[in-house]
Every structure is written in structure tokens, then in C-alpha cells.
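Participant: Sequence and predicted structure, then a few things I'm wondering about:
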Amino acid sequence: MSDCPMMRRLSALYALGALLAACGGAQTDATLPDESDDLDVGGPRISPHLEGTTPADTSLYGTRWAFVEAECTEGPLELTNFTRAAEVNPAVAAGGGTEPGFVIVYDHAFEPGEGDEGPGCRETVVQRATPGAETDQEWAIHEEARVTVGECTTRVELDRPGDVRMRGQFLEVYVQRSNWCGGLEVKMVYAPAPPGAGERDGEQVIRHYVAHFNRRDAQALTLLFSQNGSLVEPFNRTVTDQPTRHDGRAQIFEWYNQAFRRTPWLALRLVDVAPGAVPGAYTLRWHYMDPRLDAPFGGQNLFTVAGGEIFETEIAITESQVEVEDPTQEASESAPDVTSDEDIAAEHELGEEAAAVGSAEADAQRDTQ
């Protein structure tokens, strides 16, 4: 979105300034706002455009919002054929408790414009917004996941300061040095989603599934399922060598929670989502792209989705090895950061131990039958 009219006008201003300087008539006054401290998280917020707002608080947990408008705080922002929605959820710590701030899940849709080729694109972006230590200090905005269907031209937002504010009934999210505004601050405005308008469609549910899987958030994944939903997975076999079925949210949560604990580097890259022959049926094809694997492999989830919830998903491995143009780059887009060789070795060892324990438990179970 960097090629917006505002940026073209700024480029024209620079060119005009150069021409005036060459002619001996250059202006000495700055024509752009001072952005030098925009990346200093935690500074006091005294920006004029925040007057009349209050910092967002925990009353936003579990709420859904409809996009109203967007602007660059130092100039206009044009969004063509664009829709956006947001959900605000508590930030969950690794131990299961809540941390300060929010996890905000955005759903974007870019429909093709007149004369454009292709179907447009849809994406889900998950950001963690953490408030400063004091009431009016800047928040820290960190992107945790981005899942795209189609050809989206948006880019990952690097860690930035920002604000999450309320202006009356409206939610305002600010991000400094944003891609949306060519490096200047963006403001996104939302209104409470009307009753009945917040239900996710099937593809949205699946994008959320991939995003929360890559965030390793067992709680968020589980809440995508209906209360009596089911997960069928091939990694633990029954005594008749069939995939294991986990029914109800408690069992589903336990399986994902254990999976993330035993193998701390799970990561999926969405390949495509296709609707099935009956309403609510979808097939998600994915590549398991973690760079610590010898080779990427492929799999799929068969989903049954109704009323914005997953009633059942069945996981299957479909390809023992997949070819990708640049495995390292593909993997980096899905996997958590690797901090050191020692971390990798420890994670491999943990995964091997978990596999051995699982195999021993399965053998013991068969022996008792």
C-alpha cells in the first residue's frame, strides 16, 4: 500500500524543493512531521489526534468489530475494494494466564478492481498489542501471524509503537511507521459489529485455524471448535491401527496443548482452501515448512464448518516430501524464530523423547487389550 496518493504528493514536494534550491529560493521550514522518535516504544502520548480518546481496557475482551475507515494521520489513505473486520481477545501467556494487552485478529479482503485479473485475496493477520507501563504511554504492536489466500500485496509489519484507543463507541488502532501509509502512522477505525454480523465464514475459520496453529495457541484453536466438535488425527493410532478421535473441547485442547509442548516448532504454510461438495465442507492443503526438518512434507485437513464453528476436522499426511522453490524462505514465513543451535538440538531431543514415550504408551495399551 506504499504507492498511495499521499506518497506521490510527498515525492512531488521533494522534487519541488530541489528545484527551488537550485534556483536559490528553497524554503527553510520543514514540510514533513518529525518522525525521528516514532520507533521509541513507551514514550508519552501527547499527539493532538489522540485528544478525546481513552486507552482501551479489558472490557474489549471477546468483542468483534466492523471496519469503518482508515487514514494516515499525516495525510489521506485510499483503500479500494477493501473490507476489514477485527476481533479483540485477551493475550494468553504460555502458562495459560492472561498478559497485559490484547491479541487482535484482523480479517482483510481485497476484491479485484475493474480490469484486474485474478480473484483478489483474503488474509488473516494476528497482532499482539501490549500497553506501556503508564496509562498514556505508547503500546508495542507485534505481528504474530499472517495467513493469505490469493495474491495479497500487503507486507508483514515489523514491530512498531502504536496505540489502542476508544473514542466514544469507536475502537481506534494506531501503528507508527506503517506499511499502509508508506512509513507514516496509520489509524484504523472500527465500530461494534452488528448482532449476527460477526459470524466467520468457512474460509475465515480455516485461516484463523492456521494462524493460531502457527502461534501455538491451543486455547484459541480450541475455541474455533463447537462445544461438541471433534478432531481426528493420525499420529496416535487405536488398537485397530485407526486414527484417534478426540471429542469435545476438553479433549481437543488437551491434544493441541500436548502437541505444542512436545514439539515446540510446529508450523504450517497454507497452500489452498477449497470448498467441498456439500455446504460447510472444506479441504485445507498445507505444507509443514519448519526449517529444522530434513525436508518439508504435505498434508491436509478436512473440515466441516457451520455457524462459524468447526464441527469436525480430520488431519492426514498426504506427501512425505514436497518440492518448494526456496524452502528456507518459505519456512521463515511460517515458523517461529530460531534463537540458537542449542535450542534446535534441545527441541529435536524433546521431540524424539515425546515420540518414544508415545510409542511406548501405544505398545503398553495394545498389550493390555
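Facilitator: Nice, I can see it. Numbering: from 1, shown residues only.
Participant: So what does A211 have for phi and psi?
Facilitator: phi -60, psi -50 (degrees, to the nearest 10).
Participant: thought it was touching A145?
Facilitator: Yes. Using Cβ atoms under 8 Å, A211 makes contact with A145 at a distance of 4.0 Å. C-betas here are computed from N, CA, C, even on glycine.
Participant: Name the residues contacting each of these two.
Facilitator: Counting by Cβ atoms under 8 Å, 6 or more residues apart in numbering, the contacts common to A211 and A145 are 124-126.
Participant: For those, which single residue is the most surrounded?
Facilitator: Using other Cβ atoms under 10 Å as the neighbour test, the shared contacts of A211 and A145 are led by T124, with 27 neighbours.
Participant: and it, which of the three is it?
Facilitator: strand (DSSP: H, G, I helix; E, B strand; the rest coil).
Participant: wait, what's in contact with it?
Facilitator: 105-108, 145-147, 204, 207-208, 210-211.
Participant: So which of the residues you listed are in helices?
Facilitator: When the contacts of T124 are checked against helices (DSSP state H), the matches are 204, 207-208, 210-211.
Participant: low pLDDT regions in the chain?
Facilitator: Applying pLDDT under 70 to the chain flags residues 1-47, 80-81, 92-97, 113-119, 196-198, 264-266, 289-295, 323-369.
Participant: And it, what are its domain boundaries?
Facilitator: The chain breaks down into these domains under automatic domain parsing: 41-112+119-192, 202-368.
Participant: returning to what we had before: ok, of the shared contacts of A211 and A145, which one's closest to G308?
Facilitator: Taking Cβ to Cβ as the measure, T124 is the one of the shared contacts of A211 and A145 closest to G308, at 13.8 Å.
Participant: Run through the bridge partners of the closest one.
Facilitator: D107, V147 (DSSP bridges).
Participant: now it: how far from T238?
Facilitator: 34 Å (Cβ to Cβ, to the nearest Å).
Participant: And for E144?
Facilitator: 35 Å.
Participant: Give me the more crowded residue out of the two.
Facilitator: E144 (19 against 12).
Participant: Quick check, that one in contact with V126.
Facilitator: Yes. When contacts are counted by Cβ under 8 Å, E144 is listed as touching V126 (4.7 Å).
Participant: Can you work out which residues contact both of the two?
Facilitator: Counting by Cβ under 8 Å, 6+ apart, the common neighbours of E144 and V126 are 103, 211, 215.
Participant: If we only consider these, which is nearest to T153?
Facilitator: Distances from T153 to those, taken by Cβ to Cβ, are shortest for A211, at 19.1 Å.
Participant: so what's P55 up against?
Facilitator: Contacts of P55 by Cβ under 8 Å, 6+ apart are 131, 135-136, 163-166.
Participant: swap the cut-off to 7 Å and go again
Facilitator: 131, 135, 165 (Cβ atoms under 7 Å, 6 or more residues apart in numbering).
Participant: Ok, W255 next?
Facilitator: Contacts of W255 (Cβ under 7 Å, 6+ apart): 231, 233, 246.
Participant: number of nearby residues for the last one?
Facilitator: Summarising burial for H246: neighbours were counted as other Cβ under 10 Å, giving 19.
Participant: How many neighbouring residues does the nearest residue to it once chain neighbours are set aside have?
Facilitator: Using Cβ to Cβ, 6 or more residues apart in numbering and skipping residues adjacent in sequence, the residue nearest H246 is L231, 4.5 Å away. Neighbour count for L231, taken as other Cβ under 10 Å: 25.
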